[in-house]
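[1] Any chance you could fold what I've pasted below:
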Amino acid sequence: MSAPSTPADHAVMRRVADVCGDEADILALSVARFVAAGYMTSDVACWNAAFDGAEQLLGPAEGCRFVACVVAIIRALRAERDDDWSFMPASCCRVTGHECALVNLINRGRQRLWADLEEAAAAITGRETAPRLVAAVRAAVGPLDAAAERLAPAARPGGVVFH
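    Numbering: from 1, shown residues only. Alright, predicted model coming up:
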């Protein structure tokens with residue numbers, strides 16, 4: 001996993017709001033970024049930040065479940081992908097191509113497009129199949145959908161939007 005290294009990368013990157021369909025996608029991307037940063041730096045504070053943010057938004061039980069599901073996705077991605085992975089800091093409004101692919105992968109699962117999910121998982125890992133990644137995304141669908149319902153703008157005071 002690596003962070004983009006040149007300012008030129010930033011100019012062509014899409015925005016989080018253009019890639020993420022709802023606040024659950026945004027939270028999942030943020031958590032994935034914290035987890036990736038933790039792997040890159042070996043600093044547990046990154047993982048703590050992921051848990052703290054999710055728990056503040058979803059409560060302690062649902063927040064922990066949400067983070068655990070995203071961690072499982074990132075662990076599966078790391079296990080089944082041999083190439084580097086680029087990501088931005090958790091609060092950045094830009095999205096790398098790899099992060100776009102991750103959000104797309106998660107959305108294939110959330111839409112219950114299982115064959116598309118398998119194809120996207122294979123593509124993102126560069127393998128013929130990626131069963132661990134598919135299983136992790138499938139297991140995350142329930143917690144992601146529950147978070148989406150809880151985080152919907154109509155359910156929050158003032159309809160605050162994350163990005």
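
[2] Okay, the residue nearest in space to the middle of the chain and residue 80: tell me how far apart.
    By C-alpha atoms, centre = their mean, the chain has its centre lying nearest to residue 29, at 3.2 Å. Distance, residue 29 to residue 80, using C-beta to C-beta, to the nearest Å: 19 Å. All C-beta atoms are positioned from the backbone trio N, CA, C, and that covers glycine.

[3] Could you do residue 143 as well?
    Counting by C-beta to C-beta - residue 143 and residue 80 are separated by 21 Å.

[4] Only the buried residues of whatever helix or strand residue 106 lives in, if you could.
    Applying DSSP states H and E as the criterion places residue 106 in helix 97-110. Buried residues in helix 97-110, counted by 16 or more other C-beta atoms under 10 Å: 98, 99, 100, 101, 102, 103, 105, 106, 107, 108, 109, 110.

[5] residue ranges with poor pLDDT in the protein?
    1-11, 154-163 (pLDDT under 70).

[6] show me what contacts the residue nearest to the centre of the chain?
    By C-beta atoms under 8 Å, 6 or more residues apart in numbering, residue 29 lies in contact with 16, 19, 20, 95, 99, 102, 103.

[7] Out of the buried residues of helix 97-110, the closest to residue 117 would be?
    Distance to residue 117 across the buried residues of helix 97-110 (C-beta to C-beta) is lowest for residue 108, with 4.1 Å.

[8] My reading is that residue 62 lies in a strand. Confirm?
    No - Residue 62 is assigned helix when assessed by DSSP: H, G, I helix; E, B strand; the rest coil, not a strand.

[9] is it true that it touches residue 148?
    No - assessed by C-beta atoms under 8 Å, residue 62 is found out of contact with residue 148, at 11.8 Å.
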